[in-house]
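>>> just the structure for this:
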Amino acid sequence: MENKQQELRVAPAQKAYARDGKWADKNWRVINAELGIDTNNAEPLALKNASGDFNRQVFMTFDISEFNTLAFKNVFFLPSFTMVDGKSIITFNIYEVDADAWSGDTLTWNNKPAFGKLLAENVVAGGLTSVDLTAATREALAAGKSKLSFAIVITTVGADGENRINPKTTNLVASTADRAQGYVTKLCEDEAENAAIWDWANKLYDEWYERYEKLLATGLAKVKKIESDPAQYTK
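Presented below is the predicted three-dimensional model:
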């Protein structure tokens, strides 16, 4: 009998980032509106851990009500990262927060919800990031909750380069297998290959990321072929 993997993927139901300093009382959507920028609520969410007015933290809420319909083995958070002006790979923590204590339309640094249980610690951020949130999801469902909400906080000291998460290509995935389709659970052991995939993901982040997961499964050779001949991207 063929053993087919089953998955349920959900995008963030709520998402926002909070910025400190002189922006501590402002919502990111309000900031964009004041700058005359219409992002249709899809702007990449910024992360930083720096001095001055430059700290940024990301908040997300996922609807997990349908996860009970799948006899899942694992639940993975697959954040779609890119690095904007930074040079070093960063690490981050994930803290549970109250889903009813914030909204993407009103969240600010000064009204952000209190951090609760630590769900993941010192996770390496990059194009291959996969965070195991199985225990947190099972606990939430057992408590009768329909949502899983958390804050993402950079733990790398002096990470003044801005890292971003694209909410359009970030998912929470319930899976009957040990990993999500098209994703690995750990970074490659080959640092050069990691760097090449990271650089490629940054370069094509906005244009081609919808098919990025499929390309990860094909390996670095396929990535290089696409870089040299974009027509191969559709093959």
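
>>> how much space between the residue lying closest to Gly116 once chain neighbours are set aside and Glu34?
Leaving aside its sequence neighbours, Gly116 sits nearest to Glu96 (CB to CB, 6 or more residues apart in numbering; 4.2 Å). All C-beta atoms are positioned from the backbone trio N, CA, C, and that covers glycine. As judged by CB to CB, to the nearest Å, Glu96 and Glu34 stand 32 Å apart.

>>> and those two? Which one has more around it.
Glu96 (19 against 9; other CB atoms under 10 Å).

>>> got the confidence number for Lys73?
Lys73 is assigned 92 on the pLDDT scale.

>>> would you list every one of the strands in the protein?
In the chain, the strands defined using DSSP state E lie at 7-10, 14-19, 45-49, 56-63, 74-78, 81-83, 91-96, 118-124, 131-132, 147-154, 159-165, 171-175.

>>> for this structure, which spans come out with low pLDDT?
Applying pLDDT under 70 to the chain picks out residues 1-5, 35-43, 52, 83-89, 126-128, 158-161, 182-235.

>>> ok, 50 please
1-3, 184-189, 204-213, 215-216, 220, 222-235 (pLDDT under 50).

>>> the helices in it, which residues?
28-34, 134-142, 191-203, 205-208, 212-218, 220-228 (DSSP state H).

>>> neighbours of Val153, just the number please.
When neighbours are counted by other CB under 10 Å, Val153 comes out with 17.

>>> to clarify, my last question referred to Thr108.
So Thr108, with other CB under 10 Å, has 19 neighbours.

>>> ok, Asp63 next?
Using other CB under 10 Å: Asp63 sits among 16 other residues.

>>> is the closest residue to Phe67 other than its chain neighbours in a bridge, and if so with what?
Using CB to CB, 6+ apart and skipping the chain neighbours, the partner closest in space to Phe67 is Ala174 (4.5 Å). Beta bridges link Ala174 to Leu8, Val75, judged by DSSP bridges.

>>> how far away is Ala174 from Asn49?
Applying CB to CB to Ala174 and Asn49 gives a distance of 30 Å.

>>> when these two are compared, which one has more neighbours?
Neighbours per residue (other CB under 10 Å) separate Ala174 from Asn49, with Ala174 holding more: 25 against 21.

>>> ok now do the more buried one, which residues does it touch?
Contact analysis of Ala174 by CB atoms under 8 Å, 6 or more residues apart in numbering lists 7-9, 64, 67, 70, 72, 74-75, 137.

>>> count the neighbours of the residue nearest to Val124 when sequence neighbours are not counted for me.
Counting by CB to CB, 6+ apart, Val124 lies nearest to Thr91, which is 5.7 Å off, once chain neighbours are set aside. Residues lying near Thr91 (other CB under 10 Å) number 14.
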